[in-house]
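Engineer: Output the structure for:
(chains A and B)
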Amino acid sequence: QKEVEQNSGPLSVPEGAIASLNCTYSDRGSQSFFWYRQYSGKSPELIMFIYSNGDKEDGRFTAQLNKASQYVSLLIRDSQPSDSATYLCAVVYNNAGNMLTFGGGTRLMVKP
Amino acid sequence: GAGVSQSPSNKVTEKGKDVELRCDPISGHTALYWYRQSLGQGLEFLIYFQGNSAPDKSGLPSDRFSAERTGGSVSTLTIQRTQQEDSAVYLCASSSLGSGANVLTFGAGSRLTVL
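Structural biologist: Prediction:
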(Lines give C-alpha, C1' and ligand atoms only; values in the text may rest on other atoms or scores of the structure.)
Protein backbone atom coordinates (compact mmCIF):
# COMPACT_ATOMS: atom_id res chain seq x y z
CA GLN A 1 0.00 0.00 0.00
CA LYS A 2 1.57 3.23 -1.14
CA GLU A 3 0.80 5.95 1.37
CA VAL A 4 1.24 9.66 1.87
CA GLU A 5 0.85 10.72 5.48
CA GLN A 6 0.07 14.13 6.90
CA ASN A 7 -1.01 15.33 10.32
CA SER A 8 -4.60 16.46 9.88
CA GLY A 9 -4.18 19.37 12.29
CA PRO A 10 -5.41 21.97 12.76
CA LEU A 11 -2.04 23.65 12.94
CA SER A 12 -2.53 27.07 14.49
CA VAL A 13 0.10 29.78 14.12
CA PRO A 14 0.00 33.52 14.84
CA GLU A 15 0.15 35.99 12.00
CA GLY A 16 3.73 36.68 10.93
CA ALA A 17 5.09 33.36 12.22
CA ILE A 18 6.55 30.50 10.18
CA ALA A 19 4.16 27.62 9.50
CA SER A 20 5.79 24.23 9.01
CA LEU A 21 3.82 21.50 7.28
CA ASN A 22 5.18 17.97 7.01
CA CYS A 23 4.50 14.97 4.84
CA THR A 24 5.98 11.46 4.75
CA TYR A 25 5.67 8.91 1.96
CA SER A 26 6.21 5.20 1.76
CA ASP A 27 7.86 4.58 -1.61
CA ARG A 28 11.58 5.31 -1.54
CA GLY A 29 11.67 5.40 -5.35
CA SER A 30 9.31 8.37 -5.62
CA GLN A 31 10.59 11.19 -7.80
CA SER A 32 8.08 14.03 -7.81
CA PHE A 33 6.49 15.87 -4.90
CA PHE A 34 3.80 18.53 -4.86
CA TRP A 35 2.09 20.86 -2.45
CA TYR A 36 -1.48 21.95 -3.15
CA ARG A 37 -3.56 24.44 -1.19
CA GLN A 38 -7.30 23.97 -0.82
CA TYR A 39 -9.54 26.66 0.60
CA SER A 40 -12.76 25.50 2.20
CA GLY A 41 -15.29 24.60 -0.48
CA LYS A 42 -12.81 25.15 -3.29
CA SER A 43 -10.66 22.93 -5.47
CA PRO A 44 -6.97 22.30 -4.82
CA GLU A 45 -4.50 24.64 -6.46
CA LEU A 46 -0.79 24.02 -6.96
CA ILE A 47 1.61 25.94 -4.74
CA MET A 48 4.87 24.35 -5.78
CA PHE A 49 6.62 21.14 -6.73
CA ILE A 50 10.06 19.76 -5.94
CA TYR A 51 12.04 16.97 -7.54
CA SER A 52 15.53 17.22 -6.00
CA ASN A 53 16.81 16.88 -2.46
CA GLY A 54 17.18 20.16 -0.63
CA ASP A 55 15.20 23.38 -0.55
CA LYS A 56 13.22 25.16 -3.21
CA GLU A 57 12.00 28.69 -2.52
CA ASP A 58 9.17 30.59 -4.14
CA GLY A 59 8.25 33.83 -2.44
CA ARG A 60 7.12 33.12 1.11
CA PHE A 61 7.00 29.38 0.42
CA THR A 62 9.88 26.92 0.76
CA ALA A 63 9.60 23.24 -0.06
CA GLN A 64 12.13 20.92 1.53
CA LEU A 65 12.76 17.39 0.30
CA ASN A 66 14.73 14.65 2.04
CA LYS A 67 14.52 11.46 0.01
CA ALA A 68 16.68 9.46 2.42
CA SER A 69 14.20 10.10 5.22
CA GLN A 70 11.21 10.07 2.86
CA TYR A 71 9.71 13.34 3.90
CA VAL A 72 8.82 16.60 2.25
CA SER A 73 7.97 19.80 4.07
CA LEU A 74 6.41 23.13 3.24
CA LEU A 75 7.43 26.25 5.15
CA ILE A 76 5.34 29.38 4.94
CA ARG A 77 7.14 32.49 6.15
CA ASP A 78 5.34 35.56 7.46
CA SER A 79 2.08 33.63 7.64
CA GLN A 80 -1.05 35.61 6.83
CA PRO A 81 -4.68 34.91 7.74
CA SER A 82 -5.25 34.40 4.00
CA ASP A 83 -2.94 31.38 4.18
CA SER A 84 -5.54 29.60 6.32
CA ALA A 85 -6.47 26.55 4.26
CA THR A 86 -5.84 22.83 3.97
CA TYR A 87 -2.48 21.93 2.48
CA LEU A 88 -2.28 18.71 0.51
CA CYS A 89 0.94 16.85 -0.14
CA ALA A 90 1.04 14.72 -3.30
CA VAL A 91 3.59 12.21 -4.53
CA VAL A 92 4.19 10.51 -7.86
CA TYR A 93 5.27 7.03 -6.93
CA ASN A 94 7.93 5.18 -8.88
CA ASN A 95 6.41 3.37 -11.87
CA ALA A 96 3.10 5.16 -11.37
CA GLY A 97 3.37 7.15 -14.57
CA ASN A 98 1.94 10.58 -13.88
CA MET A 99 -0.57 9.54 -11.26
CA LEU A 100 -0.49 11.58 -8.04
CA THR A 101 -1.24 10.07 -4.66
CA PHE A 102 -2.49 12.65 -2.17
CA GLY A 103 -2.19 12.80 1.57
CA GLY A 104 -5.16 13.63 3.74
CA GLY A 105 -4.08 17.24 4.13
CA THR A 106 -3.16 19.48 7.06
CA ARG A 107 -5.52 22.26 8.05
CA LEU A 108 -3.63 25.47 8.78
CA MET A 109 -5.14 28.32 10.78
CA VAL A 110 -3.30 31.64 10.91
CA LYS A 111 -4.65 33.83 13.68
CA PRO A 112 -4.47 37.64 13.44
CA GLY B 1 -11.25 26.10 -22.62
CA ALA B 2 -9.41 28.26 -20.14
CA GLY B 3 -9.87 25.85 -17.29
CA VAL B 4 -11.21 22.43 -16.39
CA SER B 5 -14.98 22.47 -16.58
CA GLN B 6 -17.17 20.06 -14.65
CA SER B 7 -20.89 19.50 -14.68
CA PRO B 8 -23.20 19.35 -12.89
CA SER B 9 -21.81 21.39 -10.02
CA ASN B 10 -24.37 19.83 -7.70
CA LYS B 11 -26.35 16.63 -8.04
CA VAL B 12 -28.85 15.23 -5.59
CA THR B 13 -30.12 11.76 -6.37
CA GLU B 14 -31.97 8.94 -4.74
CA LYS B 15 -30.27 5.75 -3.69
CA GLY B 16 -30.25 3.24 -6.52
CA LYS B 17 -30.30 5.77 -9.35
CA ASP B 18 -27.50 6.13 -11.90
CA VAL B 19 -25.58 9.39 -12.27
CA GLU B 20 -23.22 10.79 -14.88
CA LEU B 21 -20.60 13.40 -14.14
CA ARG B 22 -18.86 15.26 -16.94
CA CYS B 23 -15.39 16.74 -17.22
CA ASP B 24 -14.07 18.95 -20.01
CA PRO B 25 -10.29 19.29 -19.58
CA ILE B 26 -8.02 22.12 -20.62
CA SER B 27 -7.53 22.11 -24.37
CA GLY B 28 -4.37 20.23 -25.30
CA HIS B 29 -4.02 18.44 -21.97
CA THR B 30 -3.58 14.76 -22.67
CA ALA B 31 -3.85 13.47 -19.12
CA LEU B 32 -7.15 13.45 -17.22
CA TYR B 33 -7.77 12.35 -13.66
CA TRP B 34 -10.80 11.70 -11.50
CA TYR B 35 -10.52 11.99 -7.72
CA ARG B 36 -13.14 11.78 -5.01
CA GLN B 37 -13.14 13.84 -1.82
CA SER B 38 -15.46 13.05 1.06
CA LEU B 39 -16.23 15.73 3.63
CA GLY B 40 -13.11 16.67 5.56
CA GLN B 41 -11.02 14.02 3.84
CA GLY B 42 -8.15 13.96 1.37
CA LEU B 43 -8.35 13.12 -2.30
CA GLU B 44 -9.02 9.53 -3.25
CA PHE B 45 -7.75 8.54 -6.69
CA LEU B 46 -10.34 6.93 -8.95
CA ILE B 47 -9.10 6.72 -12.55
CA TYR B 48 -6.46 8.21 -14.83
CA PHE B 49 -6.42 8.62 -18.62
CA GLN B 50 -3.24 9.37 -20.56
CA GLY B 51 -3.56 9.93 -24.28
CA ASN B 52 -4.57 6.79 -26.12
CA SER B 53 -3.19 4.43 -23.48
CA ALA B 54 -5.42 2.11 -21.51
CA PRO B 55 -6.72 3.98 -18.46
CA ASP B 56 -5.48 3.23 -14.95
CA LYS B 57 -8.67 2.11 -13.23
CA SER B 58 -7.00 0.87 -10.07
CA GLY B 59 -8.76 3.40 -7.84
CA LEU B 60 -12.35 2.66 -8.81
CA PRO B 61 -14.02 1.45 -5.58
CA SER B 62 -16.45 -1.00 -7.17
CA ASP B 63 -17.81 -2.19 -10.50
CA ARG B 64 -20.63 0.34 -10.13
CA PHE B 65 -18.11 2.98 -11.14
CA SER B 66 -16.92 3.43 -14.71
CA ALA B 67 -15.44 6.19 -16.80
CA GLU B 68 -14.75 6.87 -20.40
CA ARG B 69 -12.96 9.53 -22.34
CA THR B 70 -14.15 10.19 -25.84
CA GLY B 71 -11.86 11.55 -28.51
CA GLY B 72 -9.11 12.15 -25.99
CA SER B 73 -10.99 15.09 -24.52
CA VAL B 74 -14.26 15.05 -22.56
CA SER B 75 -14.64 12.40 -19.87
CA THR B 76 -17.75 11.00 -18.22
CA LEU B 77 -17.73 9.28 -14.82
CA THR B 78 -20.75 7.04 -14.36
CA ILE B 79 -21.93 5.67 -11.03
CA GLN B 80 -24.61 3.01 -11.27
CA ARG B 81 -27.06 2.12 -8.51
CA THR B 82 -25.78 4.91 -6.27
CA GLN B 83 -25.34 4.33 -2.56
CA GLN B 84 -25.22 6.85 0.27
CA GLU B 85 -21.50 6.26 0.72
CA ASP B 86 -20.99 7.56 -2.82
CA SER B 87 -21.84 11.05 -1.55
CA ALA B 88 -18.74 13.19 -2.07
CA VAL B 89 -17.22 15.86 -4.27
CA TYR B 90 -15.91 14.36 -7.48
CA LEU B 91 -12.94 16.30 -8.78
CA CYS B 92 -11.55 16.15 -12.28
CA ALA B 93 -8.08 17.38 -13.17
CA SER B 94 -5.98 17.54 -16.30
CA SER B 95 -2.31 17.98 -17.11
CA SER B 96 -0.08 18.24 -20.13
CA LEU B 97 2.98 16.22 -21.10
CA GLY B 98 6.62 17.18 -20.76
CA SER B 99 7.61 19.73 -18.18
CA GLY B 100 3.96 20.24 -17.27
CA ALA B 101 3.38 16.62 -16.49
CA ASN B 102 2.02 15.96 -13.01
CA VAL B 103 1.07 19.63 -12.59
CA LEU B 104 -2.63 19.11 -12.22
CA THR B 105 -5.26 21.77 -12.78
CA PHE B 106 -8.49 20.90 -11.02
CA GLY B 107 -12.04 21.68 -11.95
CA ALA B 108 -14.51 23.10 -9.44
CA GLY B 109 -15.89 19.64 -8.73
CA SER B 110 -19.28 17.97 -8.83
CA ARG B 111 -20.90 17.58 -5.44
CA LEU B 112 -22.95 14.39 -5.32
CA THR B 113 -25.50 13.79 -2.59
CA VAL B 114 -27.23 10.43 -2.47
CA LEU B 115 -30.34 10.43 -0.32
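Engineer: what's near enough to touch the residue nearest to A:P10 when sequence neighbours are not counted?
Structural biologist: Excluding the flanking residues, the one nearest A:P10 by C-beta to C-beta, 6 or more residues apart in numbering or on different chains is A:R107, at 4.3 Å. No exception for glycine: its C-beta is placed from N, CA and C like everyone else's. By C-beta atoms under 8 Å, 6 or more residues apart in numbering or on different chains, the contact set of A:R107 is A:S8, A:G9, A:P10, A:L11, A:A85, A:T86.
Engineer: Tell me if I am right that A:R107 is in a strand.
Structural biologist: Yes - if the criterion is DSSP: H, G, I helix; E, B strand; the rest coil, then A:R107 is within a strand.
Engineer: any idea how far the host helix or strand of B:R36 is from the chain center?
Structural biologist: Using DSSP states H and E, B:R36 sits in strand B:31-37. Offset of strand B:31-37 from its chain centre (C-alpha atoms, centre = their mean, to the nearest Å): 4 Å.
Engineer: quick one: strands adjacent to that strand?
Structural biologist: strand B:43-50 (antiparallel), strand B:88-95 (antiparallel) (DSSP bridges).
Engineer: In JSON lines: these, plus mean neighbour count and mean pLDDT.
Structural biologist: What follows is the strands paired with strand B:31-37, written out as JSON lines (neighbours: other C-beta atoms under 10 Å in any protein chain shown; pLDDT from 0 to 100):
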{"stretch": "strand B:43-50", "mean neighbour count": "21", "mean pLDDT": "91"}
{"stretch": "strand B:88-95", "mean neighbour count": "23", "mean pLDDT": "95"}
